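Undergrad: Build me a model from this:
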Amino acid sequence: MKRLAFSIALSILSLTIVAQSNKVLSGPLLGYAEMKEALIWVQLRDKGSVKLNYWPQNSPEQKQETDLVSTSANTGNTAKLYLRNLEPGTIYEYEVMVDDENQKFKFPLEFDTEPLWDYRTDPPAFSIAMGSCTYINEEAYDRPGTPYGGDYQIFKSIESQKPDAMLWLGDNIYLRDADWWTRSGYIHRYTHTRSIEEMQALMASCNNYAIWDDHDFGPNDANGSWIHRDLALEMFKLFWPNPSFGYRDMPCTFSAFNYRDCDFVMMDNRFYRTEPSEEHPEQIFGTQQIDRMIDLLKQSHAPFKFVLTGGQFLNTAQVFENHSNYEEERDYILKRLNDEDIKNVIFISGDRHHSEVDKLQLPNGNWVYEFTVSPLTSGAAHQVTEENDYRVEGSLIQERNFAVMNISGKRKARKLVLIYYNSEGEQIYSWSLSE
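TA: Below is the predicted model of the structure:
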């Protein structure tokens, strides 16, 4: 009996040692996984050296390794690891090595590269999850009273849907008063949010792409005059493995990517934003960013073309930070979409603490759509009374939620099905669109 008790105690001690030996605080987070290269982000608990070993599934003899990256407190002990010389349409397994120790995780470490399908087969079916407004409570820095965040199990509900990718639509963190004045504050807030247990498996299980909104950027409703906008951009780059960040002559979070047969443009609604005023141009995106968005949409042959933005675009209610408060810029975008005859443009937005589907018919007969998905874990708006002329009847959702977009069908006959779920993963609304 004593021997059995000793064995149990030793097993518990071993499990404790294994748990404590894991030097990874958050991640791995899979960014893109293209045909020939993938990008994975990790954050260590302390200063260290990290690399990945990776190989095609069931072929460990073909093992390769990433460059070794040394982390530092100045960059939040984060690392971006590039997995090169990959093959299309292949499942890869990998391991995380920190200071030459193989780290253990409760979920599989694997990903699949983009398939080489064009000119060969019909486009593959795929699914993309999406959501915005992730508030993680931290009592020491939160406002007194009822906690604003909750239902963290929503991330496990998203992961259970097994999406191919996740779109983080802004307010992915909520900077507090103690955070936004310093580099240490930004790093603390990103680290605190990113490291919750419920989020880890989701981040590793699919591709992740992110845009920002005011709470990732600075104080509530902050615009391009925010004194720490450059620091905010640097922190966003540290913590998100997006494919790119702006252009040399246009620094910001603007980016774009292709997924299967669909194209996505990721807009920055903060860096160049101005306050509404008669004394200077009123803008959210700015003409330079808009023109590059239009150019990318014109070049696209995708059946559905998505524009990701932190705030609502189509909503006609001139409330809060809706684009309808910037009428001249909004009208310019809609005119360009009409004049260039760009079809099947779908805006995807967050911010509003409620969800809905909007649609608008342009003068040339084309339709523009918008999917708003909000919130994930922050407080939901339970009494939405604003009049939005373009809201699809029955689509208003006033509880914590996420959405999954499924795209399938043969070439030239693609179908999009959008399904909203509550935090428990129960379906609450669906809407569909054909090419």
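
Undergrad: mind listing what the most centrally placed residue in the chain touches?
TA: Among the residues of the chain, Trp168 comes closest to the average C-alpha position under C-alpha atoms, centre = their mean, at 2.2 Å. When contacts are counted by C-beta atoms under 8 Å, 6 or more residues apart in numbering, Trp168 touches Met130, Gly131, Ser132, Thr134, Asn208, Tyr209, Ala210, Ile211, Trp240. C-beta here means a position set from N, CA and C on the backbone, and glycine is covered the same way.

Undergrad: host element of it?
TA: strand 165-169 (DSSP states H and E).

Undergrad: Report the strands that pair with that strand, each with its relative direction.
TA: Strand 165-169 sits in its sheet next to strand 126-131 (parallel), strand 207-211 (parallel), going by DSSP bridges.

Undergrad: now the first one, how far from the centre of its chain.
TA: From the chain centre to the centre of strand 126-131 is a distance of 10 Å (C-alpha atoms, centre = their mean, to the nearest Å).

Undergrad: residue ranges for the strands of the stretch 201-350 of the chain, please.
TA: Taking DSSP state E, counting those that start in this stretch to define them, one finds strands in the stretch 201-350 of the chain at 207-211, 255-259, 262-266, 305-309, 345-349.

Undergrad: again, but for the stretch 51-200 of the chain
TA: Under the criterion DSSP E, counting those that start in this stretch, the stretch 51-200 of the chain contains strands at 64-65, 69-70, 78-83, 91-98, 101-102, 110-112, 126-131, 165-169.

Undergrad: Mind putting those into CSV with mean pLDDT?
TA: Rendered in CSV, the data for those read as follows (pLDDT from 0 to 100):
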stretch, mean pLDDT
strand 64-65, 98
strand 69-70, 98
strand 78-83, 98
strand 91-98, 98
strand 101-102, 96
strand 110-112, 98
strand 126-131, 98
strand 165-169, 98
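
Undergrad: Next one: the nearest residue to Asp112 once chain neighbours are set aside relative to Ala33, how far apart?
TA: Ranked by C-beta to C-beta, 6 or more residues apart in numbering and with sequence neighbours excluded, the top spatial neighbour of Asp112 is Ile91, at 4.7 Å. Distance from Ile91 to Ala33, counting by C-beta to C-beta, to the nearest Å: 10 Å.

Undergrad: Between the two ends of stretch 347-357, how far is it?
TA: 10 Å (C-alpha to C-alpha, to the nearest Å).

Undergrad: my bad, should have said stretch 373-392
TA: Using C-alpha to C-alpha, the two ends of stretch 373-392 sit 14 Å apart.

Undergrad: quick one: buried residues of it?
TA: Under the neighbour-count criterion of 16 or more other C-beta atoms under 10 Å, stretch 373-392 has Val373, Ser374, Pro375, Leu376, Thr377, Ser378, Ala380, Ala381, Val384, Asn388, Tyr390, Arg391 buried.

Undergrad: again, but for stretch 401-415
TA: Residues of stretch 401-415 classed as buried: Asn401, Phe402, Ala403, Val404, Met405, Asn406, Ile407, Arg414, Lys415 (neighbour count, 16+ other C-beta under 10 Å).

Undergrad: Show me where the protein dips below the pLDDT cut-off.
TA: Screening the chain residue by residue with the criterion pLDDT under 70, one finds the ranges 1-21.

Undergrad: my read: Asp341 touches Pro363, true?
TA: No: counting by C-beta atoms under 8 Å, no contact exists between Asp341 and Pro363, whose distance comes to 11.0 Å.

Undergrad: Ser195 is nearest to which of the strands paired with strand 165-169?
TA: The closest of the strands paired with strand 165-169 to Ser195 is strand 207-211. By C-beta to C-beta, the value is 15.3 Å.

Undergrad: List the contacts of the closest one.
TA: Contacts to strand 207-211, defined as C-beta under 8 Å, 6+ apart, come from residues 29-33, 111, 164-170, 172, 236, 240-243, 253, 255, 257, 259, 264, 266-269, 308-310.

Undergrad: Fine by me, thanks again.
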